[in-house]
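A.B. asks: Okay, here's the prediction I keep looking at, along with the sequence it came from:
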Amino acid sequence: MSIKDNLNNIKSKLPQHVALVAVSKTKPVSDLMEAYTAGQRIFGENKIQEMAEKFQEMPKDIKWHMIGHVQRNKVKYMAEFVNLIHGVDSFKLLNEINKQAKKHDRVIDCLFQIKIAEEDSKFGMSKDDAVALLKSETFKELENVNVVGLMGMATFTEDMALVEKEFNYLKSTFNELQTCHAKLKIISMGMSGDYQLAIDCGSNMVRVGSSIFGSRNYIN
Ligand SMILES: *Cc1c(COP(=O)(O)O)cnc(C)c1O
């Protein structure tokens, strides 16, 4: 099936309230353009440099989402154009995003990445870290970032009961954090293999790559 067919197939399964991030990491601009022509406007990348290069080449009405782990010294390369940063996992990083956003006179939307998987390889902060950050005075001074939701990555496993448990944990964390930060609206969870389960567990933003663009030729 073509990229367009894949995209339409997935979109037909998504409820209205669920946003689709087309994860285009490692894929050539020609593939992204095929998705763009089919109507897709939100693209997710996990390397800042690759995203910046694609931003230069592609139409300017695209919303670029940074879904990968962010190194603080690279925030400056996306501050001008990034639409949503999913992987914010520390005050230091949030502070740097705030600083770079200010230089461009922007307010950048961010998600807190919460560690929901048991695997040590996954990044993210604990629920307690997130609560402490949201309640801190230093957080309230950051005028150029907007924390609008949470993101989580489940354990890479065939065990869907475990994945479901982790998704439910993110949803309950979201409900809890909303009581101290009413701006939270987005729950980014679910990828090609588990986005339907994620939606059942309360996701309203799914990040789908291989089911749209085909498998990637590398391990990441
Ligand atoms: C690569 C990636 C995805 C998409 O994964 P697929 O299994 O190809 O859909 C989603 N989220 C993050 C954070 C990723 O790095």
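C.D. replies: Cool, got the structure. Numbers count the residues shown, from 1 in each chain.
A.B. asks: Buried residues, the longest helix along the chain. List them.
C.D. replies: Scanning the chain for the helix with the most residues, using DSSP state H, yields helix 160-178. For helix 160-178, burial by neighbour count (16 or more other Cβ atoms under 10 Å) applies to 163-164, 166-167, 169-171, 173-174, 177. Quick note: C-beta positions are derived from backbone N, CA and C, even for glycine.
A.B. asks: Check stretch 90-110 too.
C.D. replies: Neighbour-count burial for stretch 90-110 [16+ other Cβ under 10 Å]: 90-91, 93-102, 108-110.
A.B. asks: how about the residue positioned nearest the centre of the chain, secondary structure?
C.D. replies: In the chain, the C-alpha nearest the mean C-alpha coordinate belongs to His86, at 3.5 Å (Cα atoms, centre = their mean). With DSSP: H, G, I helix; E, B strand; the rest coil as the basis, His86 sits in strand.
A.B. asks: Following the longest helix of the chain in sequence, what is the next regular element?
C.D. replies: Note on helix 160-178: by DSSP states H and E, the next helix or strand toward the C-terminus is strand 186-188.
A.B. asks: C-terminal to that following strand, what's the next element?
C.D. replies: Next along from strand 186-188, by DSSP H and E: helix 195-200.
A.B. asks: ok, the nearest residue in space to Thr173 that is not next to it in sequence - how many residues close by?
C.D. replies: Using Cβ to Cβ, 6 or more residues apart in numbering and skipping the chain neighbours, the partner closest in space to Thr173 is Lys127 (4.9 Å). Neighbour count for Lys127, taken as other Cβ atoms under 10 Å: 19.
A.B. asks: For Lys127, give me phi and psi.
C.D. replies: Per-residue torsions, Lys127: phi -60, psi -40 (degrees, to the nearest 10).
A.B. asks: hang on, it packs against Ile114?
C.D. replies: Yes. Lys127 is in contact with Ile114 according to Cβ atoms under 8 Å; the separation is 6.5 Å.
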